[in-house]
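[1] got a sequence here, can you build the structure:
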Amino acid sequence: MAMLSMSMAPQTERVCPSCNGSGTMKCNVCNGSPRSRCPKCQGDGKVYTESGTYECGICEGCGYVECRNCEGKGSVNCSRCLGRGEIQESNGNSNGTLNSLQNGNFNWN
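    Numbers count the residues shown, from 1 in each chain. This next block holds a predicted model:
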(Lines give C-alpha, C1' and ligand atoms only; values in the text may rest on other atoms or scores of the structure.)
Protein backbone atom coordinates (compact mmCIF):
# COMPACT_ATOMS: atom_id res chain seq x y z
CA MET A 1 0.00 0.00 0.00
CA ALA A 2 1.62 3.27 -1.12
CA MET A 3 1.11 6.44 0.89
CA LEU A 4 1.65 9.90 -0.54
CA SER A 5 1.30 13.30 1.07
CA MET A 6 1.63 16.54 -0.86
CA SER A 7 0.00 19.93 -1.33
CA MET A 8 -1.77 20.67 -4.57
CA ALA A 9 -1.87 24.27 -5.79
CA PRO A 10 -4.60 25.29 -8.22
CA GLN A 11 -3.60 25.78 -11.83
CA THR A 12 -4.38 28.85 -13.91
CA GLU A 13 -4.03 29.16 -17.66
CA ARG A 14 -2.37 32.09 -19.37
CA VAL A 15 -1.23 32.91 -22.89
CA CYS A 16 1.95 31.07 -23.80
CA PRO A 17 4.80 33.60 -23.91
CA SER A 18 6.81 31.52 -26.40
CA CYS A 19 4.21 31.65 -29.19
CA ASN A 20 2.08 34.60 -27.98
CA GLY A 21 -0.97 32.37 -27.92
CA SER A 22 -0.84 31.25 -31.55
CA GLY A 23 0.17 27.67 -30.72
CA THR A 24 2.80 27.72 -33.47
CA MET A 25 6.37 28.89 -33.87
CA LYS A 26 8.58 29.52 -36.88
CA CYS A 27 10.29 26.31 -37.97
CA ASN A 28 13.85 26.26 -36.64
CA VAL A 29 15.08 24.12 -39.54
CA CYS A 30 13.92 26.26 -42.50
CA ASN A 31 13.59 29.47 -40.44
CA GLY A 32 10.02 29.96 -41.63
CA SER A 33 10.77 29.55 -45.32
CA PRO A 34 8.77 26.41 -46.12
CA ARG A 35 10.88 25.47 -49.09
CA SER A 36 14.55 25.62 -49.83
CA ARG A 37 16.83 25.17 -52.81
CA CYS A 38 17.20 21.55 -53.80
CA PRO A 39 20.51 20.16 -52.52
CA LYS A 40 21.01 17.95 -55.58
CA CYS A 41 20.42 20.40 -58.46
CA GLN A 42 21.12 23.62 -56.49
CA GLY A 43 17.79 25.10 -57.60
CA ASP A 44 18.28 24.55 -61.32
CA GLY A 45 15.77 21.69 -61.61
CA LYS A 46 18.19 19.79 -63.83
CA VAL A 47 21.06 17.43 -63.16
CA TYR A 48 24.00 17.57 -65.52
CA THR A 49 26.05 14.43 -66.12
CA GLU A 50 28.53 13.30 -68.75
CA SER A 51 25.78 11.32 -70.47
CA GLY A 52 23.28 14.19 -70.62
CA THR A 53 20.98 16.55 -68.79
CA TYR A 54 18.12 15.16 -66.75
CA GLU A 55 15.26 16.46 -64.67
CA CYS A 56 16.20 16.34 -61.02
CA GLY A 57 14.57 13.37 -59.32
CA ILE A 58 14.68 14.96 -55.87
CA CYS A 59 12.70 18.14 -56.61
CA GLU A 60 11.01 16.81 -59.79
CA GLY A 61 12.42 19.71 -61.81
CA CYS A 62 11.06 22.63 -59.77
CA GLY A 63 14.40 23.42 -58.06
CA TYR A 64 12.97 23.49 -54.54
CA VAL A 65 12.16 20.97 -51.83
CA GLU A 66 9.79 21.25 -48.88
CA CYS A 67 11.21 21.39 -45.38
CA ARG A 68 10.83 17.94 -43.83
CA ASN A 69 10.56 19.33 -40.31
CA CYS A 70 7.48 21.52 -40.91
CA GLU A 71 6.22 19.70 -44.03
CA GLY A 72 6.34 22.92 -46.04
CA LYS A 73 4.22 24.97 -43.63
CA GLY A 74 7.00 27.20 -42.31
CA SER A 75 5.81 26.70 -38.74
CA VAL A 76 5.59 23.93 -36.16
CA ASN A 77 3.59 23.41 -32.96
CA CYS A 78 5.00 25.39 -30.05
CA SER A 79 7.15 23.11 -27.91
CA ARG A 80 6.21 24.91 -24.69
CA CYS A 81 2.40 24.80 -24.92
CA LEU A 82 2.26 21.87 -27.40
CA GLY A 83 0.15 23.86 -29.85
CA ARG A 84 -2.55 24.91 -27.36
CA GLY A 85 -1.55 28.57 -27.14
CA GLU A 86 -1.93 28.53 -23.35
CA ILE A 87 0.17 27.19 -20.50
CA GLN A 88 -0.88 26.13 -17.04
CA GLU A 89 0.86 27.68 -14.08
CA SER A 90 0.51 27.22 -10.38
CA ASN A 91 -0.66 30.39 -8.64
CA GLY A 92 1.08 29.32 -5.44
CA ASN A 93 -2.02 28.93 -3.25
CA SER A 94 -2.87 25.59 -1.73
CA ASN A 95 -6.43 24.50 -2.39
CA GLY A 96 -6.23 21.24 -0.53
CA THR A 97 -3.86 18.56 0.54
CA LEU A 98 -3.61 15.13 -0.96
CA ASN A 99 -3.10 13.02 2.15
CA SER A 100 -2.85 9.55 0.75
CA LEU A 101 -3.17 7.36 -2.27
CA GLN A 102 -4.47 3.92 -1.44
CA ASN A 103 -5.40 1.34 -4.05
CA GLY A 104 -5.72 4.05 -6.69
CA ASN A 105 -8.08 6.24 -4.61
CA PHE A 106 -7.20 9.80 -3.65
CA ASN A 107 -8.00 11.01 -0.15
CA TRP A 108 -8.24 14.80 0.09
CA ASN A 109 -8.46 17.02 3.16
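
[2] pop the domain breakdown of this protein in here.
    With domains defined by automatic domain parsing, the chain comprises 1-23+81-109, 25-77.

[3] mean confidence score for the shortest one?
    Summarised as a single mean, pLDDT over domain 1-23+81-109 is 68.

[4] just to revisit the earlier point, just put the domains of the chain in a markdown table and tack on mean neighbour count.
    C-betas here are computed from N, CA, C, even on glycine. Below are the domains of the chain laid out as a markdown table (neighbours: other CB atoms under 10 Å):
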| stretch | mean neighbour count |
| --- | --- |
| domain 1-23+81-109 | 12 |
| domain 25-77 | 14 |
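
[5] residue at max distance from the center of this protein?
    For the chain, the largest distance from the centre (CA atoms, centre = their mean) belongs to residue 51, which lies 44.5 Å off.

[6] what sits against the residue nearest the centre of the chain?
    Centre of the chain computed as the mean C-alpha position; nearest residue by CA atoms, centre = their mean is residue 77, 3.5 Å away. By CB atoms under 8 Å, 6 or more residues apart in numbering, the contact list for residue 77 reads 23-25, 83.

[7] residue 84 now?
    So residue 84 contacts 16, 23, 78 (CB under 8 Å, 6+ apart).

[8] over to residue 83?
    Contact analysis of residue 83 by CB under 8 Å, 6+ apart lists 23-24, 77.

[9] phi and psi next, for it.
    Residue 83 has phi and psi values of phi 90, psi 0 when expressed as degrees, to the nearest 10.

[10] quick check: it vs residue 31, distance?
    With distances taken as CB to CB, to the nearest Å, residue 83 is found 20 Å from residue 31.
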